[in-house]
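J.: The sequence and its predicted three-dimensional model are supplied below.
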Amino acid sequence: MQEIEELGLHLKNFSGVEKIKIAASNTGDLQWMVDQKVQGSNQLVERVGGRTFRLAVGGFWQAHKHAASTLSEQVIEVEKLLDFDAGKQNLDLYAGAGLFSATSSVVFANANFTAVESSAKAVAAGEKSSADLANLKFQKADVLKFLRTRAEGSFDTVILDPPRSGAASKVVNQLIRLNPRNIIYVACDPVALSRDLQSLIAAGYQIKTMKAFDIFPHTHHFETVVGLSR
């Protein structure tokens, strides 16, 4: 991005430095960390789908400038296709700051969502950014441990955006046990996605829609949004 290039960090001598992280938000905030020293903006403010997200230092967000808006728009399109029921209890797994549940709540007036995330920073950012959404609740928890404590039929639609390794068999098996009507799977690694889809399809889910986005150019990674219904 031009804003990052204009910082001129690539022209400096960082001998002895182990890690440099640079981030630019779509509202113009710039933040960079040289090892653990934070410089620039003390938070990153992102605007997506009519919502404002205030991210803590080091908090997760999509790397591509347009990824968050592109993916949230696609998730909403899939929800419409799958006849999403905002009045029922729905789930946002690996939720981060609540990108998908918060933007869905704009389109489906205050949809009922529980957002599950293990990072305390992300949960704090999500709660602050969605304070006006009474029906969106955050739960700081490991996804697998959370799912194990829920009963079959607890959730109508489940959105999940797991890390690159995918949801893996234990989480997928818990989703199958809970038996939600719809699953919306957002994945960045096609190999992990195909593995998890194989298990879901074997359990009776059908792929209703699948769309991939080349958000990581010159790599084998694609952000793919898949809508499944049982």
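T.: Okay, I see it.
J.: C-alpha only now, for contacts and for neighbours.
T.: Noted.
J.: Quick check: buried residues in the helix ranked longest in the chain?
T.: The longest helix of the chain (DSSP state H) is helix 67-81. Of the residues in helix 67-81, 67-69, 71-76, 78-79 count as buried by neighbour count, 16 or more other C-alpha atoms under 10 Å.
J.: Tell me the spacing between Lys19 and Trp32.
T.: 11 Å (C-alpha to C-alpha, to the nearest Å).
J.: Could you pull out the strands in the chain for me?
T.: Ranges of strands in the chain, per DSSP state E, are 20-24, 30-34, 37-40, 44-48, 51-55, 90-93, 113-117, 136-140, 157-160, 182-187, 206-213, 223-229.
J.: picking up where we left off before, pick the one among the buried residues of helix 67-81 closest to Thr224.
T.: Proximity to Thr224 was ranked across the buried residues of helix 67-81 by C-alpha to C-alpha; first place goes to Leu71, at 8.7 Å.
J.: between the longest helix of the chain and strand 223-229, how many degrees?
T.: With axes from the mean of the first three to the mean of the last three C-alpha atoms, to 10 degrees applied, the angle from helix 67-81 to strand 223-229 works out at 20 degrees.
J.: Can I get helix 67-81 in CSV, CA atoms only?
T.: Below are the C-alpha coordinates for helix 67-81, written out as CSV (Å, rounded to 0.1, in the frame of the first residue of the first chain):
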residue,chain,number,x,y,z
ALA,A,67,-10.9,-8.5,2.2
ALA,A,68,-13.1,-7.7,5.2
SER,A,69,-15.8,-5.9,3.1
THR,A,70,-15.6,-8.5,0.3
LEU,A,71,-16.0,-11.5,2.7
SER,A,72,-18.7,-10.0,4.9
GLU,A,73,-20.7,-9.1,1.8
GLN,A,74,-20.4,-12.7,0.6
VAL,A,75,-21.4,-14.1,3.9
ILE,A,76,-24.5,-12.0,3.9
GLU,A,77,-25.3,-13.1,0.4
VAL,A,78,-25.0,-16.7,1.5
GLU,A,79,-27.2,-16.0,4.6
LYS,A,80,-29.9,-14.7,2.2
LEU,A,81,-29.6,-17.8,0.0
